[in-house]
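Asker: build me a model:
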Amino acid sequence: MSHRNLEDVLQAAGSPVKLLRNSQIGPYAFPVVRAEFTNWRDEQRAWKETCALFDQSHHMTDLYVEGPDALPLLSGLGVNSFKNFKVNQAKQFVACNHDGYVIGDAILFYLAENKFNLVGRPPAANWVQYNLETRGSKATAERDERSAVNQGRRKTYRYQVQGPHAVKVMEKVTGKPAPDIKFFHMDVFKVAGRDVRALRHGMVGQPGWELFGPWDDGDAVRDAIVQAGQEYGIRQVGARAYPTTCLESGWIPSPLPAVYTGDAMKEYRQWLSSKSYEAIASLGGSFSSDRIADYYLTPFDLGYGPFVKFDHEFVGRQALEKIAANQKRRKVTLVWNAEDFTRVFGSLVHGGGDITKYIDLPLANYATLPYDQVMKDGKSVGLSTYTGYTYNERAMISLGVVDSEYADPGTQVTVVWGEEGRGTSKPTVERHQQAHIRATVAAVPFAEVARVAYRPH
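Answerer: Sure, this is the predicted structure:
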């Protein structure tokens, strides 16, 4: 039986948890880009020690929104203030449901008068497009899907140049002093004779720029940057290392979209297709509840508290005003105990029977939406949501959301690794036993340069 929309899929599955826990896809895909250009350890080192070139052209959805109602529409959906938002600026756009739980976030580019580009995972773009189409807005939406589902070429290439030597690389490739652009502002300059639009950025706390322009210019721009960066130790970063930048910068890219419950969201679930991200994403990890709402996160859980501004009306405002006055959890870095990590990894070669859940490196996620349980003295105190290894810190870490009383650096907790009952039916899950891994709560962002130099600005 074919299903028309997400609501149909949910009704057939019996519950959102059953649907997502047994989804047959794995972690979020970073398609097309080579897995490694050199090796992932070397590529991780580059963004800390020399210069890294990231190819972001393929894994994100672009939603172009244009028209006189574009700004009011976005302002009415985002928790962010739009009071001083101007052309040639960008911001991290965060959208919530009516109860104040996060649907998704993305980077919003203010390209021109009444013209915007929302770039990120699909949930935020889906929510914006739905509201545009159902509210009768004087605005249009053009969608450019990520390469995994795109039937043709992308409209735009997108690169990032990051690292201690990024300034030198940009000066060489442009033949001019480094562009003097304020943080999260944009300007245009030339690379290889092509106009390139640049956003001043800092993915892992290092100086850098996000560069984008017409797809046909992409190869020439990339090749010029690679050539200019040779003397400065530039490395192209492959699909294995790229997603681990989040671990050092502290950004949680995979909150479960808070769309699966409530009458207020039913029409949206009926609008979403049966093949949408929300319908096929996989939910994995040791945190297991029959209530899908137990997986929902607030902007404050995700560290977006400073973005929430009550200077405008937006979906979820009333709920967030109450949540803001009673915040119960904080985002943290969890540094896994080296001995426990070694023990879990060693089950591959020691003993018989089930191994403990395999830890892939450098990114250990085996589901689109990773949710592991964090324990303290036998009690559940939070979630571990994104896990991997950073060669720069020589550590296995995860990004977590824990009860405030356990969020101070140095607090000892335990991460439960692996799924219940020897594992769900996801093809990325082998039969295994759960393991308890000690972890130490640390600051977020974990990388000192991101925490000290980048985040305050």
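
Asker: pull the number of nearby residues for K83.
Answerer: Per other Cβ atoms under 10 Å, the neighbour tally for K83 reads 9. Placement of C-beta: from N, CA and C, glycine included.

Asker: just I323 next, same as before
Answerer: Residues lying near I323 (other Cβ under 10 Å) number 21.

Asker: quick one: it and A178, what's the gap?
Answerer: Applying Cβ to Cβ, to the nearest Å, the value for I323 to A178 is 41 Å.

Asker: check F345 too.
Answerer: For F345, the distance to A178 - Cβ to Cβ - is 42 Å.

Asker: also A324?
Answerer: Using Cβ to Cβ, we find A324 at a distance of 39 Å from A178.

Asker: next, name the residue at the spatial heart of this structure.
Answerer: P253 (2.0 Å; Cα atoms, centre = their mean).

Asker: tabulate the CA atom coordinates of stretch 173-187 in CSV.
Answerer: Below are the C-alpha coordinates for stretch 173-187, written out as CSV (Å, rounded to 0.1, in the frame of the first residue of the first chain):
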residue,chain,number,x,y,z
VAL,A,173,44.1,33.5,-4.5
THR,A,174,42.6,37.0,-4.8
GLY,A,175,45.9,38.9,-5.2
LYS,A,176,44.6,41.4,-2.7
PRO,A,177,44.5,41.9,1.1
ALA,A,178,42.1,39.6,2.8
PRO,A,179,38.5,40.7,2.5
ASP,A,180,37.6,42.9,5.5
ILE,A,181,34.2,41.4,6.2
LYS,A,182,32.5,41.5,9.6
PHE,A,183,31.4,38.2,11.1
PHE,A,184,28.3,36.7,9.3
HIS,A,185,28.4,39.5,6.8
MET,A,186,28.9,39.0,3.0
ASP,A,187,30.8,40.7,0.2
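
Asker: let's verify the closest residue to R135 other than its chain neighbours: helix, strand, or coil?
Answerer: The shortest distance from R135 to any residue other than its chain neighbours is 7.2 Å, reached at L73 (Cβ to Cβ, 6 or more residues apart in numbering). Secondary structure, DSSP: H, G, I helix; E, B strand; the rest coil: L73 is helix.

Asker: in which helix or strand would I find the residue nearest to the centre of the chain?
Answerer: For P253, there is no host helix or strand (DSSP states H and E).

Asker: what does the closest residue in space to it that isn't next to it in sequence show for phi and psi?
Answerer: Of all residues not flanking P253 in the chain, C246 sits nearest, at 5.5 Å (Cβ to Cβ, 6+ apart). With angles defined as degrees, to the nearest 10, C246 sits at phi -60, psi -30.

Asker: for C246, list the residues it contacts.
Answerer: Contacts for C246 were tallied using Cβ atoms under 8 Å, 6 or more residues apart in numbering; they are 252-253, 386, 399.

Asker: just G303 next, same as before
Answerer: Contacts of G303 by Cβ under 8 Å, 6+ apart are 250, 252, 330-331, 444.

Asker: repeat the analysis, applying 10 Å as the threshold.
Answerer: 250-252, 330-332, 399, 401, 444-445, 455 (Cβ atoms under 10 Å, 6 or more residues apart in numbering).

Asker: and it, how far from P255?
Answerer: 11 Å.

Asker: could you tell me which residues touch both of the two?
Answerer: V401.

Asker: how about low-confidence regions in the stretch 351-457 of the chain?
Answerer: Residue ranges of the stretch 351-457 of the chain with pLDDT under 70: 449-457.

Asker: just the strands in it please.
Answerer: 355-356, 369-370, 372-376, 379-390, 395-403, 412-417, 432-433, 435-442 (DSSP state E, counting those that start in this stretch).

Asker: figure out which of these is closest to N84.
Answerer: Minimum separation from N84 across these (Cβ to Cβ) falls at strand 395-403, 29.8 Å.

Asker: quick check: which element contains the closest residue to D144 other than its chain neighbours?
Answerer: Excluding the flanking residues, the one nearest D144 by Cβ to Cβ, 6+ apart is D62, at 4.1 Å. Following DSSP H and E, one finds D62 within strand 61-66.

Asker: so what strands line up beside that strand?
Answerer: strand 115-120 (antiparallel), strand 140-144 (antiparallel) (DSSP bridges).

Asker: for stretch 126-136, what is the average pLDDT?
Answerer: Averaging pLDDT along stretch 126-136 gives 96.

Asker: buried stuff in it?
Answerer: Under the neighbour-count criterion of 16 or more other Cβ atoms under 10 Å, stretch 126-136 has 126-132 buried.

Asker: three-state assignment of the closest residue to P427 other than its chain neighbours?
Answerer: Nearest non-adjacent residue to P427, counting by Cβ to Cβ, 6+ apart: Q24, 6.1 Å away. Under three-state DSSP, the three-state class of Q24 is coil.

Asker: so who does the residue nearest to R135 touch?
Answerer: L73 makes contact with 65, 67, 116, 128, 131-132, 135, 137-139, 141, according to Cβ under 10 Å, 6+ apart.

Asker: got JSON lines for these, with distance to Y268 too?
Answerer: JSON lines is the format used below for these (distance: Cβ to Cβ, whole Å):
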{"residue": "V65", "distance to Y268": "17"}
{"residue": "G67", "distance to Y268": "21"}
{"residue": "F116", "distance to Y268": "21"}
{"residue": "V128", "distance to Y268": "11"}
{"residue": "N131", "distance to Y268": "9"}
{"residue": "L132", "distance to Y268": "12"}
{"residue": "R135", "distance to Y268": "12"}
{"residue": "S137", "distance to Y268": "16"}
{"residue": "K138", "distance to Y268": "21"}
{"residue": "A139", "distance to Y268": "18"}
{"residue": "A141", "distance to Y268": "15"}
